[in-house]
Every structure is written in structure tokens, then in C-alpha cells.
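K.L.:
No sequence on hand, only this structure:
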């Protein structure tokens, strides 16, 4: 492992145009190493979520250069970026965002079925394993909208892991959970970064959560402090 | 990749069955109406044509009145003032003289399925006090039946008997009742030249066309020549049927320069029939396309609604790495499945409606029930139209879905 940098942001500048032109990110530059567990904190409006969506490759309206897993992703086509996300990035959002009409198992399997690197049987096995890891083996065949909030969030994590992405990004992954579930989610992230070397970048408001991470990046008014 | 997209489409279709059924019903309704309307309209047109062709051949050759050439001065000096009093245009020849040469020519035309020669003239039918003017057709008995299928319209007696009976006459049913004659009775005719002759009524026919049934009688062509004092090659009309009655123009153009008489297609002689038939076709197509379009709008609405409901899920699919094309494919697949299922059911339902309507009693002219055609090409066409409209109706919302920006939706 000669190059341990998995994320490199260089001079990221982004504007909001509504209601008036406003510079949200002011030349943000930083690097994240492989296996790091990073918390992104800051007050409302500091630009931390905006930064996360730029890093996620979903928001392409910025200037500067973004490099993930040694690939430059600035100015790439939407379809290429979608494919890149599929292979390299796992997402966990505040409001879990499962597909409610599918079973928990199907939700977990979908990104892998899309990637098509493994056979359906292998994917199913991996999905069961991931759900088991999160203590959800019993709920695998239930429809997503029949699960509790904490269970749904854990299914979302299982889904984020299915393609073994280099980077897992979370937008307030514990924002909607009680302290017990927050602890469970935190422990899972901790384990993933330590044992599997997966990089985790999570936007959070939770100070305890941030305090236990490897590294805290704090933002204020569009710059890292 | 295709398989996972299909799986998502299938799940969406089956998880909200109410919506799916409404969308499918829209297509079913459109296609079944299309199939039914075209079948019905074609049936009506065919019946109309069949009725018309009971008294009308596809192409008719006869001796027309000569052209008016009384004012030859005007042709040379268009500005000249010409005054001609009482010009008389005289027809020097009557009927077709060289009929054998023409029929030999007709025999060599591959598209001609049948033809017949006739000697037609006007007469008075007389039975003691009753005097009715009408026409007599001296006919080549077997060929006449091939062209006009007249034996089908016989209500009493046998058409073929006319071949052997030079004293026999077959009358329209209404003409017979107006003359108070029936089968076996004697009847006197008087021609324009003053020839009077007795015939025995050996049959009655009823075509359903009142103009024919009221005035027409058939006798053997040789008997007709005898009454007209004409030679054995004399005919007044030649009636021709061809493979496809819509393709008369080719034959008319081919025969006209070779035959020194008027060659006329049924379309030239009966423009009102052509217009009626074409107008009905246009109405049928307009109505069915409108129905299909309305169904298409229904599908468009339902797909739009579905996509608005699923906007967050589309965003999350994109975040997970599904591309815009995948999203389009998912929703287009939904539309295509709706189109195919709706199309198949629509063809079945259309067939059922047609079958039922075809059994509704309708006893006018020669009809027993409402007419109907069952043409598989109409069904295939309806299916294809339905599918095209469904695909368009599904594609527009699907395209919109593919352009959804996940950041906008997820960040709220």
C-alpha cells in the first residue's frame, strides 16, 4: 500500500445562487487516509453538508479538484460518476432512505446487483452476512417500511457495505436515532475502519460521536478551521 | 444490470396493484375499442359493397352516346360567335357489335375473375289491367351468376332454369307482386319497338335494393336477341368482375384504348359509394385513434404520479450508483409491461365485444345481425399502436425521472 491517501480535495469552491450569490465553500483543501474515521462538524450553514455532497460526487457544480481512490473525478460525466459511486462509495443518510416496497434483503442486495461483480447467490449470501453483522438476520425478509427506525438505519448501513466500498459517507447517520442505536452504529463504523480499513466520513452534530473519531474536521463559514 | 432494473420495475408494478390495474385498463379500453370499431366499420363497408355489387359489376363496357361535336367552328375559332339551331346528336350504332372480339380480349386478362354479356332493354310489363314499365336483362345465365351472385337472392324457383327456358322470365319480387303474378303465371311484355311477347314466370328474386326489385326481369340472352331482332353476337353491356374491386383503374386504362366503347369502373359511375365508404373508414380511424390517445394520456398521468411519489427513491437509486439510463429503463419497462398486458387483454376484450355485437339482431335488407369483420391485421395494428402510445406516454415521465438531481431531493 504505497499511497494511503483515498480522498484528496484541492481548492474546492462552491457558490449558491439562490436567493443571492453566496460562496459556501471557500477554497477547501484536505486529505483523508485509508482507514481513517473522520467526523465533519460545524454549525448550521457552515458548509459541512455541502462539502460532503461535493465529496460524494453527486454535486458536480463546483470548481477545484476532487480525487477519490486515485481517480480524478472533477468534470466527469454523470453516468461515469454513478458507476464510480456504485463501486467505491457507500452512503448512510439521516433518514435512512430505503426503498419501502422492497424487503430489507433486497434493499441490501440492490447496489451489488447493479455492480454485477458477483452472482446472485453470492450477493444474497453476502447480504445475509451483512445483515447478521448488524443483528438483523431475523428481519431480512420483512418489507423495509415494516421495520423500526433503528432497524432501517442499520439496513441502510448494511446496504452501504455490500460492495465493500473504499469510502463510506454518512450525512448525520445517527441524527435520528436514540442513544442506544447511536452507540450500535458508532461501534459498527469503528470496527469497519479498524478491521476492514474502510474510510468513513460522517457529518454529525453529535459531540460525543465526534469526540470518539480518529479525526475531527470542523468547518466555519465555508473554511476548515 | 438489465435484470436488476427489470426487478425494480416488477416490484413497483406489483406493489401498487390498484394503479397498475387502472393503467392497464386504460390500454385495454383503447385497444378493444379500436379493434371493435375497425371490425364493425369494415363489416358495414363490406355489407354495403356486397349490396352494391349485387347490381353493379366492377367494370362496365357499353355503347355510350357519342360526344357532342355540333359546334366544330368554336373549336377552331374560339372567339367566333356561333349560332346553331336545333342540333341533333344521333347514335348510329346500338349496342356492342363485335362482342366476340371483346370477350376474347377479356379472357386473356389475368385479373378478370368473371365477366358476362347482357342484352338490356326497356319494356312494359303487362298483366291484364296492370302495366308497369321496367327493364329486361337478357343474360348469359351461368356467367351472370358468377358476376352478380344472383342465385343467392332467389326467393322462388331456380336461377339455373332460365338457361333451358327460352320462354321463362325471372322477376323482382316487388315487381311480381305489383303485377299480381306469381310463379307459373303468364306475363306479356311490350318493347319500345312495339314487339309484344308472352313469358312464363319461373322464379322470383329479392336483392334488397328496391330500385332493382321493383323494375327488373331476367330472360335468357338468346330470347332477348330474338325480341330485339338482333344477331347472335349482339350484346348491349359487358359486365366484368376483377380480383380486387379497388384496383379497377389499371384494367380500365388497359382496356379503354383497345375497345371502341365506353369502359367505366364502378367508382366512376358511383362516386357516392366510394365517398361513403371512405368517410366511414376515416371516422372509424379517427374515433379509435382518439380513444387510444386518451388512454395514452391516462398512462402518462399515472406514470407521472408514480414518479412524483417515488422521487426520493429515484434519488437514492442514483446515489447508490444507478445511472439516468437505468432510471429511464426502470420506468420505461413498467410502461412496456403495461402496454403489452393491456394490449393482449385489449385484443381479447375487443374480440369479445365484436362477437357480442355481431349477434345483435338487425333485420334490414339481407342482414340478420349487425355486420362484423375479424381481421387479424387490425388486431396486430391495434396492438402495435397501443404499444407505441404507451411507450411514448411512459417515456416522457421516465426521461423526467432520469434527470432528477439526487442532491436536491436528499438535501430537501
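P.N.:
Thanks, I have it. All of these numbers come straight from a predicted model, not from anything done at the bench.

K.L.:
Show me which positions of the helix ranked longest in chain B end up buried.
P.N.:
If each helix of chain B is counted by residues according to DSSP state H, the longest one is helix B:271-309. Using 16 or more other C-beta atoms under 10 Å in any protein chain shown as the burial criterion, the residues of helix B:271-309 that qualify are B:273, B:277, B:280, B:284, B:288, B:291-292, B:295-296, B:298-300, B:302-304, B:306-307. Backbone N, C-alpha and C define where each C-beta goes, glycine included.

K.L.:
Filter these to keep only those in contact with chain A.
P.N.:
The residues of the buried residues of helix B:271-309 that also fall near chain A, by C-beta under 8 Å from any C-beta of the partner chain, amount to none at all.

K.L.:
Tell me who's in contact with whatever residue of chain B ends up closest to chain A.
P.N.:
Scanning chain B for the residue nearest chain A gives residue B:321, at 2.4 Å (criterion: C-beta to the nearest C-beta). Taking C-beta atoms under 8 Å, 6 or more residues apart in numbering or on different chains, we find residue B:321 in contact with A:82, A:83, A:84, A:85, A:86, A:87, A:89, A:111, A:114, A:115.

K.L.:
what separates the helix of greatest length in chain A from the chain centre, distance-wise?
P.N.:
Under DSSP H, the helix in chain A containing the largest number of residues is helix A:179-195. Here the centre of helix A:179-195 is set off from its chain's centre by 14 Å, with C-alpha atoms, centre = their mean, to the nearest Å.

K.L.:
Which SSE is immediately downstream of that helix?
P.N.:
Stepping forward along the backbone from helix A:179-195, the first helix or strand reached (DSSP states H and E) is strand A:199-203.

K.L.:
Can you name the residues in contact with that following strand?
P.N.:
Residues from elsewhere that reach strand A:199-203, judged by C-beta under 8 Å, 6+ apart: A:6-7, A:32-41, A:48-49, A:52, A:55, A:92, A:166-173, A:189, A:192-193, A:209, A:213.

K.L.:
ok, 7 Å please
P.N.:
For strand A:199-203, the external contacting residues (C-beta atoms under 7 Å, 6 or more residues apart in numbering or on different chains) are A:6-7, A:32, A:34-40, A:48-49, A:52, A:55, A:166-173, A:189, A:192-193.

K.L.:
Quick one: neighbours of residue B:390, just the number.
P.N.:
A total of 32 residues lie near residue B:390 under the criterion other C-beta atoms under 10 Å in any protein chain shown.

K.L.:
so it sits right up against residue B:299, yeah?
P.N.:
Yes: under the criterion of C-beta atoms under 7 Å, residue B:390 is in contact with residue B:299, at a separation of 5.6 Å.

K.L.:
and for the two, which residues touch both?
P.N.:
Both residue B:390 and residue B:299 are in contact with B:27, B:335, B:338, where contact means C-beta under 7 Å, 6+ apart.

K.L.:
Could you export those residues as CSV, including secondary structure?
P.N.:
Converted to CSV, the shared contacts of residue B:390 and residue B:299 look like this (DSSP: H, G, I helix; E, B strand; the rest coil):
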residue, secondary structure
B:27, helix
B:335, helix
B:338, helix
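
K.L.:
and the residues you listed as a markdown table, adding neighbour count and distance to chain A?
P.N.:
Conversion of the shared contacts of residue B:390 and residue B:299 to a markdown table gives the following (neighbours: other C-beta atoms under 10 Å in any protein chain shown; distance: C-beta to the nearest C-beta, whole Å):
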| residue | neighbour count | distance to chain A |
| --- | --- | --- |
| B:27 | 30 | 23 |
| B:335 | 27 | 18 |
| B:338 | 29 | 17 |
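
K.L.:
Just give me the closest of those residues to residue B:50.
P.N.:
Set against residue B:50, the nearest of the shared contacts of residue B:390 and residue B:299 by C-beta to C-beta is residue B:27 (34.1 Å).

K.L.:
which non-adjacent residue is nearest residue 99?
P.N.:
This is for chain A. Here the nearest residue to residue A:99 in space, its sequence neighbours aside, is residue B:313; by C-beta to C-beta, 6 or more residues apart in numbering or on different chains that works out to 5.1 Å.

K.L.:
The intended chain is chain B.
P.N.:
Nearest residue to residue B:99, sequence neighbours excluded (C-beta to C-beta, 6+ apart): residue B:235, at 4.5 Å.

K.L.:
check contacts around the one you found.
P.N.:
With C-beta under 7 Å, 6+ apart as the criterion, the residues that contact residue B:235 are B:95, B:96, B:99, B:117, B:118, B:119.

K.L.:
How about residue A:163?
P.N.:
The contact partners of residue A:163, taken as C-beta under 7 Å, 6+ apart, are A:86, A:87, A:111, A:112, A:115.

K.L.:
Give the burial count for the fourth one, as a bare number.
P.N.:
Around residue A:112 sit 24 other residues, with neighbours defined as other C-beta under 10 Å.
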